[in-house]
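Visitor: need coordinates for the following:
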Amino acid sequence: MGLFKKKPKNEQLLKTFDGREVKYVTKRNSHPDGTVTYDIIGKAGRIAVVDDKIRIICGVIDVFVCPVVDSKYYLLMSGDGVTVEGQNTVSGNYDTVTAYYTYYRK
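Guide: This is a model prediction of the structure:
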């Protein structure tokens with residue numbers, strides 16, 4: 001049955017952030033007056049792509065879970081994180097979150 005599954009459009013991009021450790025995660029909040037704020041919703045976690053779902057985990061708590069086919073994801077220009085947006089099954093809302101990677105010197 002899994003032979004003809006629909007593959008994500010940008011599978012190579014998924015592989016770049018799959019398994020990365022996260023320093024902290026912010027959530028974008030739009031207010032009725034037109035202002036936008038970013039709130040930290042978690043620290044010290046990991047990004048994982050499991051069972052065709054993008055999961056951002058902080059500690060032992062899922063902060064963001066969304067199916068890959070229903071999400072949009074972009075790498076930050078600085079290269080130190082990724083922005084993921086989609087229907088978050090944890091909160092039940094359409095969320096935009098940014099996960100900042102932990103820096104490791106190579």
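
Visitor: quickly find the element holding the spatially most central residue of the chain.
Guide: Of all residues in the chain, the one closest to the mean position by Cα atoms, centre = their mean is residue 84, 4.2 Å from it. Using DSSP states H and E, residue 84 maps to strand 81-87.

Visitor: for this structure, which segments count as strands?
Guide: With DSSP state E as the criterion, the chain has strands at 21-30, 36-50, 53-58, 61-67, 72-75, 81-87, 94-101.

Visitor: to residue 10, which of those strands lies closest?
Guide: Nearest to residue 10, of all the strands of the chain, is strand 72-75, at 7.7 Å by Cβ to Cβ. Where C-beta positions appear, they are placed from N, C-alpha and C, glycine not excepted.

Visitor: residue 91: how many residues sit nearby?
Guide: Using other Cβ atoms under 10 Å, residue 91 is surrounded by 13 other residues.

Visitor: could you report the pLDDT at residue 102?
Guide: Looking at residue 102, its pLDDT reads 88.
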